[in-house]
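> sequence and predicted structure, then a few things I'm wondering about:
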Amino acid sequence: MKRMFPEWMGMFLAVLAFVVPGTVWADQEEMVIKEQKGLRFKLPADWPVEERSGAVGPIPTEEYLSRKFSALNSRLDSVEKRLGTSETGLRAAEQRMGAAEAGLRSTQQRLASVEEKQFKTEE
């Protein structure tokens with residue numbers, strides 16, 4: 001009897017059957033069942049169910065995504081603000097470090113000149 005596909009194809013399909021579903025479900029949020037007015041909806045935990053124009057159902061996808069992106073946007077704004085504050089502090093620390101290095105160089109030069117004078121007087 002002639003084989004329809006090579007042996008490696010069976011192994012590939014077996015691996016694919018176990019790997020793909022795990023990666024697909026890993027990216028999705030935890031689903032919960034929400035009940036309102038006798039209707040049950042399987043949705044992500046943060047997806048609201050509302051009554052609009054007499055009909056009960058989850059809010060539209062566009063509105064849900066808009067809320068999610070707004071929340072993400074506000075988080076990014078706060079991170080940018082904290083990052084800006086950190087950068088300002090880092091610049092101030094760099095300036096203080098530069099001033100301290102300049103003071104150290106000045107002190108080293110004065111010390112070298114004192115040592116040179118002391119060496120000349122000892123001769």
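The structure has been received and is ready for your questions. Everything quoted here is computed from the prediction, not taken from an experiment.
> torsion angles phi and psi at residue 38?
Backbone torsions of residue 38, given as degrees, to the nearest 10, read phi 80, psi 0.
> over to residue 59?
Backbone geometry at residue 59, expressed as degrees, to the nearest 10, gives phi -60, psi 160.
> and it, how many residues sit next to it?
Residues within reach of residue 59, counting by other CB atoms under 10 Å, total 15. Any C-beta I mention is one placed from the backbone N, CA and C, and that applies to glycine too.
> that one contacts residue 51, correct?
No: between residue 59 and residue 51 there is no contact under CB atoms under 8 Å: 10.8 Å.
> residue 100 is in what secondary structure piece?
Using DSSP states H and E, the element containing residue 100 is helix 61-122.
> okay, now the unreliable bits of this protein?
Within the chain, the segments meeting pLDDT under 70 span 1-28, 123.
> find the centremost residue of it, please.
The centroid of the chain falls nearest to residue 76 when counting by CA atoms, centre = their mean (8.9 Å).
> how near is it to residue 50?
To residue 50, residue 76 is 27 Å away according to CB to CB, to the nearest Å.
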